[in-house]
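Peer 1: below: sequence and its predicted model.
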Amino acid sequence: MPNQFAQERPPATTIFHGKRSTMKTTHRILAALTACTVLIATPVSAAGQHGDEKYQPEVGQSGKDVIWVPTNDELVNKMLETAKVTASDIVYDLGAGDGKIPIAAARLFGARAVGIEFNPDMAALAKRNSERARVADKVKIIHGDIFKENFSEATVVTLYLLPELNLKLRPTILKMKPGTRVVSHAFNMGDWDPDQRIETSRATGYYWVVPANVEGQWRLEGLDGKPSATLQITQRYQRIGGTITLGGSTQALLGALIEGNQLTFRYLTSAGALQVVKATVNGNTLEGEAQSPNVFNQVKGTRR
């Protein structure tokens, strides 16, 4: 793969290295790894960069349909910063390698963090690394399969998986609580466009916010002095559009957005004034306010 592995060479001063990359062990990828070895390989014995006295993983080693390639510190930090991780978050790292991202989430951002790692030796190393970093009280390492373990409590999910594995996880992620933040190293989510692209000097990442499901027909109260209005929304991931019908007149929604469970749209009142509706979605109900100059109305809605 063109220079991907070369980009991921970790700096010599890093203590905790490693993130499981779901690079399938096909001949093509192994050939690419071999070709790039002279660019990325640092001696495992050099300061124990990739392990400790009990276990030393090698860059490119095979796993369950994957190989292991370290993620550089710059991207780790930028991913967590982009996700706005705080001490109130629960960060799940899917394919945790030696625990680098969970440790960073706990040590630098104060978050609780859980790493799921299939390789038992790597999982044990990650646990020891969390103890060495003195964040074992905040970091939990699970020896398990990311496709079988339950990570629904996560407020932030981090990934370094190939696109086809991202796609396999995508339905599960989209069912998570609206507002869950997702960051991925190198690979996207197919036609679910990222909310933000993360650029560093050596690598690229992607950021998404899980959107609430708002598609369908809604009955709204509190708009433009009318007893009710009909809101019709179409949705494709975080991209939404639709119409609003008030008093028998239908118009297209303006600037419709859904970010997490926060719905925003605009429309023109019967007097021609621009009205902004901001509401919090909770399943099949929503509640918020309609704003126009000097006017604030409470808005409630129910999906039909």
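Peer 2: On my side now, so go ahead. Numbers count the residues shown, from 1 in each chain.

Peer 1: which residues are in contact with the nearest residue to W192 once chain neighbours are set aside?
Peer 2: Computed as Cβ to Cβ, 6 or more residues apart in numbering, the closest residue to W192 that is not its neighbour in sequence is Y237, at 4.8 Å. Yep, even glycine has a C-beta here, placed from its N, CA and C like the rest. Residues counted as contacts of Y237 (Cβ atoms under 8 Å, 6 or more residues apart in numbering) are 174, 191-193, 211.

Peer 1: swap in V114?
Peer 2: By Cβ under 8 Å, 6+ apart, the contact set of V114 is 90-93, 102, 139-142, 151, 154.

Peer 1: and these, which is closest to A111?
Peer 2: Taking Cβ to Cβ as the measure, A111 lies nearest V91 of these, at 5.0 Å.

Peer 1: how many other residues sit next to that closest one?
Peer 2: Summarising burial for V91: neighbours were counted as other Cβ atoms under 10 Å, giving 27.

Peer 1: coming back round to it: from V182, how far off is the residue nearest to W192?
Peer 2: 12 Å (Cβ to Cβ, to the nearest Å).

Peer 1: is L159 in a bridge, and if so with what?
Peer 2: L94, S184 (DSSP bridges).

Peer 1: doesn't R181 make contact with it?
Peer 2: No - contact criterion Cβ atoms under 8 Å: L159 and R181 do not qualify, at 11.6 Å.

Peer 1: which one's more surrounded, the two?
Peer 2: Legend: neighbour count by other Cβ under 10 Å for L159 and R181, higher for L159 (29 against 23).

Peer 1: contacting residues around that one?
Peer 2: 94-95, 166, 169, 182-185, 187.

Peer 1: quick one: contacts for V156?
Peer 2: By Cβ under 8 Å, 6+ apart, the neighbours of V156 are 80, 83, 85, 89-92, 105, 111, 180-183.

Peer 1: send the alpha carbons of stretch 108-123 over as CSV?
Peer 2: Output of stretch 108-123 as CSV, limited to C-alpha atoms (Å, rounded to 0.1, in the frame of the first residue of the first chain):
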residue,chain,number,x,y,z
LEU,A,108,-4.2,13.2,28.7
PHE,A,109,-8.0,13.7,28.8
GLY,A,110,-9.0,12.1,32.1
ALA,A,111,-11.5,9.8,30.3
ARG,A,112,-12.5,6.3,31.2
ALA,A,113,-11.3,4.0,28.4
VAL,A,114,-11.8,0.5,27.3
GLY,A,115,-9.7,-1.3,24.7
ILE,A,116,-10.9,-4.5,23.0
GLU,A,117,-8.0,-6.6,21.6
PHE,A,118,-8.2,-10.1,20.1
ASN,A,119,-4.6,-11.1,20.6
PRO,A,120,-4.2,-12.3,24.2
ASP,A,121,-0.5,-11.5,24.4
MET,A,122,-1.2,-8.0,23.1
ALA,A,123,-4.1,-7.5,25.4
